[in-house]
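In: sequence first, then the predicted structure:
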Amino acid sequence: MRVTPFTSLTRWRELLGLANNTTTAAQTRFWFACSMLYAFVCATLALRQAFAAQYVVADDVRQHVFWMFRFLNPNLFPGDPIADYFQSIAPPGFVALYRFFSALYIDPLLASKLIPFGLGLLTAGFSFGAALRILRLPAIAALASILLCQCLWLSSDLCSATPRAFFYPLFVAFIYYHVGRSRFAVLIVLFLQGLFFPPAALVSLGVITLDLVQVNKVWPKFTRDYRTYVFCALAVVVVLLALIPYLQGVEKFGPMITYAQARQMPEFAPGGRVPFFYPDLWNYWMHGAGGLHIQSRPSSLFAAFLWPIFAFFPRAFPLLRRARGRVLFRIAGAALVFFAISHALLFRMYLPSRYTQHPGRLLLALAAAMAIMALVDSLLRCSVGRPSKLKSLFASGLAALLMLWIVCFPLFLSHFPRVSYITGNAPNVYRFFAAQPPTIRIASIADEANNLPVFSRRTIIFGVETAVPFHPGYYLPLRQRGLAIARAQYSPDLTVVQQCIREQHIDFWLFDRGAFTSEHLRYNRALRQLKLKIPDSSSGTASFLQHPPPQCVVFSDPNFVVVDARAVLAL
């Protein structure tokens, strides 16, 4: 049989499921395998980055996971308010998972590198299933799964292995079971969401609540199905039961910061630790910690905004009629409702962006996949409808080029996945502190100090990464400790240094060799957050620690110096 461009187009349309309104089980299995293979490759590339060197860690692991070394050694971080704080705000399901890994003698750092791999595969599988139930074609479901996969591996959320990483597999699982009306499974997923990442449970609960409203032609009305009300009430109870342990834990350091308090703090200004209060409306509502945070990578996600445009031309894009668009509207509506409530209750529900940023990625992936495939379908229909060899080649080539560019987009990037793995640059420092007793307390305002709790498993008195300003009961004392250490480090007076050592119970003092240069004073993250200006030593008396006595120095290399606090007290 001779193969012509028209038969090739027909076969292609059949493979994509566009030739008729039915799909076979073989097609579904094929496209599911494609999406899972794509997710496996991306997760493997991320895993390779995680194990590229000995001292590699995801950025946020230095906040949310380091304290879990206590599972392996309860003597670690004794009386450490930083470890106690992050332990108190950790969701119970998140803690239980890491405790399970520790029971298998897998330390938290290793577990944090393995968890994203499994989460990535779970997200790909459930996103394919959810997209298939919403968009109705396996090829579109695979494309949506691929777009979501690209999106997640171009950001730091999934690889962080922190509570927000669990949003994606749990939320797409919720959508999958909710659209399939598996109510018992929905309740189980809701409970897991509350245990791992409470904002996900609230958005999901909002989707269920919006099911009570039905749109009949123009005017919305409440459903008369009593079973929907009963299910909604059960969902509320399940979410409350899951949130009770978490809410009890976060109260240990007092109430959240208020709007009035945050408005006066530079930590919430542009360039601060949590940039929230931008002066212009665009950055405030779009990019700040209180903004919508519409995902911009990969750029193909913006094809989602073509859907409402294509909808005005139903004859040209008939594929759009197959999708269950109401589900997407309910997800968007629930996310926006909690976004507004979070703004109204600042900061009692944490950051408003948490309620739109993560659901928005799923929505954009689903809508973009539908719009792209509708465009491909239109091109192929136009080609088949009016047989012309040149036109068929042009349409098929354009459609193939579009699909190929979307799927192979990561190959055109200089670095993929773009995840937030940090490589430690001071292995000798880590080993030195790891060899010290677990009760030591380390003073430092160097950036490298942020790595000590996870690589050396030792207590630091202040660190920029852990200086999150949401609970004044935690942050204000931490800030005062940081100010005391910074002032003493740059003081020429020995008695000031000794007083700081006694008050802060310091055992060792770590600082960069370049810590006393004008460039370091200008760009040091700790000094910038503390808003502390230190005069350049070149214009006056040098700081005492700039040239510590040799008997006080217990470690030194080309980049760092460690001073024994007891030797300083003996001077």
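Out: Yep, it's here.
In: give me the nearest residue to residue 206, chain neighbours excluded.
Out: Closest residue to residue 206 in three dimensions, ignoring its sequence neighbours and counting by C-beta to C-beta, 6 or more residues apart in numbering: residue 334, at 2.9 Å. Quick note: C-beta positions are derived from backbone N, CA and C, even for glycine.
In: the helix or strand harbouring the one you found packs against which elements?
Out: Taking DSSP states H and E as the criterion, residue 334 maps to helix 325-344. Counting contacts by 3 or more C-beta pairs under 8 Å, 6 or more residues apart in numbering; DSSP states H and E, helix 325-344 packs against helix 167-179, helix 198-210, helix 357-385.
In: next structured bit after the lowest-mean-pLDDT helix or strand in the chain?
Out: In the chain, no helix or strand scores lower on mean pLDDT, DSSP states H and E than helix 5-16, which sits at a mean of 66. If you walk from helix 5-16 toward the C-terminus, the next helix or strand you reach (DSSP H and E) is helix 25-50.
In: centroid-nearest residue for this protein?
Out: Nearest to the mean C-alpha position of the chain, by C-alpha atoms, centre = their mean, lies residue 157 at 2.1 Å.
In: that one and residue 194, how far apart?
Out: Residue 157 sits at a distance of 19 Å from residue 194 (criterion: C-beta to C-beta, to the nearest Å).
In: give me the below-cutoff pLDDT ranges for the stretch 351-500 of the chain.
Out: Counting by pLDDT under 70, the stretch 351-500 of the chain shows low-confidence ranges at 383-392.
In: can you redo the helices and strands packed on helix 325-344 as CSV with distance to residue 487 and mean neighbour count?
Out: Output for these, formatted as CSV (distance: least, C-beta to C-beta, whole Å; neighbours: other C-beta atoms under 10 Å):
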stretch, distance to residue 487, mean neighbour count
helix 167-179, 41, 24
helix 198-210, 39, 23
helix 357-385, 38, 23
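In: what would the ones you listed look like in CSV with distance to residue 524?
Out: Below are the helices and strands packed on helix 325-344 laid out as CSV (distance: least, C-beta to C-beta, whole Å):
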stretch, distance to residue 524
helix 167-179, 34
helix 198-210, 33
helix 357-385, 30
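In: same question for stretch 237-252: list its buried residues.
Out: For stretch 237-252, the neighbour count (16 or more other C-beta atoms under 10 Å) marks 238-239, 242-243, 246, 249-250 as buried.
In: which one of those residues is nearest residue 311?
Out: residue 239 (34.0 Å; C-beta to C-beta).
In: burial count for the residue lying closest to residue 208 once chain neighbours are set aside?
Out: Once flanking residues are discounted, residue 208 sits nearest to residue 235: 5.0 Å by C-beta to C-beta, 6+ apart. Taking other C-beta atoms under 10 Å as the criterion, the count of residues near residue 235 is 22.
In: could I get the contacting residues of residue 431?
Out: The contact partners of residue 431, by C-beta atoms under 8 Å, 6 or more residues apart in numbering, come to residue 456.
In: so it, which of the three states?
Out: Recorded secondary structure, residue 431: helix (DSSP: H, G, I helix; E, B strand; the rest coil).
In: mind checking how far it is from residue 463?
Out: Counting by C-beta to C-beta, the separation of residue 431 from residue 463 is 19 Å.
In: next: residue 45.
Out: Counting by C-beta to C-beta - residue 45 and residue 463 are separated by 30 Å.
In: who has more neighbours out of these two?
Out: Ranked by neighbour count (other C-beta under 10 Å), residue 45 and residue 463 place residue 463 first, with 25 against 14.
In: which one is the more buried one nearest to, not counting chain neighbours?
Out: residue 450 (4.7 Å).
In: surely that neighbour is in a strand?
Out: No - secondary structure of residue 450 (three-state DSSP): helix, not part of a strand.
In: now it: how far from residue 520?
Out: Counting by C-beta to C-beta, the gap from residue 450 to residue 520 is 16 Å.
In: of the two, who's got more company?
Out: Remark: of residue 450 and residue 520, residue 450 carries more neighbours, 26 against 17, as counted by other C-beta under 10 Å.
In: the more buried one and residue 60 touch, don't they?
Out: No - using C-beta atoms under 8 Å, residue 450 makes no contact with residue 60, being 11.2 Å away.
In: now stretch 211-226: buried residues?
Out: For stretch 211-226, by 16+ other C-beta under 10 Å, it's residue 211.
In: looking only at pLDDT, what's the mean for that stretch?
Out: What stretch 211-226 shows for mean pLDDT is 80.
In: what helix or strand does the residue nearest to residue 208 sit in?
Out: Here residue 235 is covered by helix 226-250, with elements defined by DSSP H and E.
In: ok now that helix, how far from the chain's centre?
Out: For helix 226-250, the separation from the chain centroid amounts to 24 Å (computed by C-alpha atoms, centre = their mean, to the nearest Å).
In: list of residues touching the helix or strand containing residue 495?
Out: Assessed by DSSP H and E, residue 495 sits inside helix 494-504. The contact list for helix 494-504 (C-beta under 8 Å, 6+ apart) reads 441, 443, 461, 481, 484-485, 487-489, 491, 506, 509, 544-545, 565, 568-569, 571.
In: picking up where we left off before, and of the helices and strands packed on helix 325-344, who's closest to residue 324?
Out: Counting by C-beta to C-beta, residue 324 lies closest to helix 167-179 out of the helices and strands packed on helix 325-344; the figure is 7.1 Å.
In: still on that earlier bit, need the contact list for the residue nearest to residue 206.
Out: 203-207, 209-210, 359 are the contacts of residue 334 under C-beta under 8 Å, 6+ apart.
In: of those residues, closest to residue 314?
Out: Each of the contacts of residue 334 was scored against residue 314 by C-beta to C-beta, and residue 210 proved nearest at 25.6 Å.
In: could you find the closest non-adjacent residue to the closest one?
Out: Nearest to residue 210 is residue 330, by C-beta to C-beta, 6+ apart, at 4.5 Å.
In: ok, that neighbour - how many residues close by?
Out: 19.
In: please apply the same query to residue 37.
Out: There are 12 residues near residue 37, going by other C-beta under 10 Å.
In: that one and residue 11, how far apart?
Out: Using C-beta to C-beta, residue 37 is found at 22 Å from residue 11.
In: same deal with residue 307?
Out: Counting by C-beta to C-beta - residue 307 and residue 11 are separated by 27 Å.
In: the more surrounded of the two?
Out: residue 307 (20 against 12).
In: thought residue 368 was touching residue 301?
Out: Yes - at 5.0 Å, residue 368 counts as touching residue 301 under the criterion of C-beta under 8 Å.
In: identify the contacts common to these two.
Out: Common contacts of residue 368 and residue 301, defined by C-beta under 8 Å, 6+ apart, comprise residue 147.
In: so residue 463 belongs to a strand, correct?
Out: No - secondary structure assignment places residue 463 outside any strand; it is coil (three-state DSSP).
In: what sits against it?
Out: Contact analysis of residue 463 by C-beta under 8 Å, 6+ apart lists 62, 82, 449-450, 453.
In: could you find the closest non-adjacent residue to residue 117?
Out: With C-beta to C-beta, 6+ apart as the criterion, residue 117 has its nearest non-adjacent residue at 4.6 Å, and that residue is residue 43.
In: touching, that neighbour and residue 116? I think so.
Out: Yes - the pair residue 43 and residue 116 qualifies as a contact (C-beta under 8 Å) at a distance of 7.0 Å.
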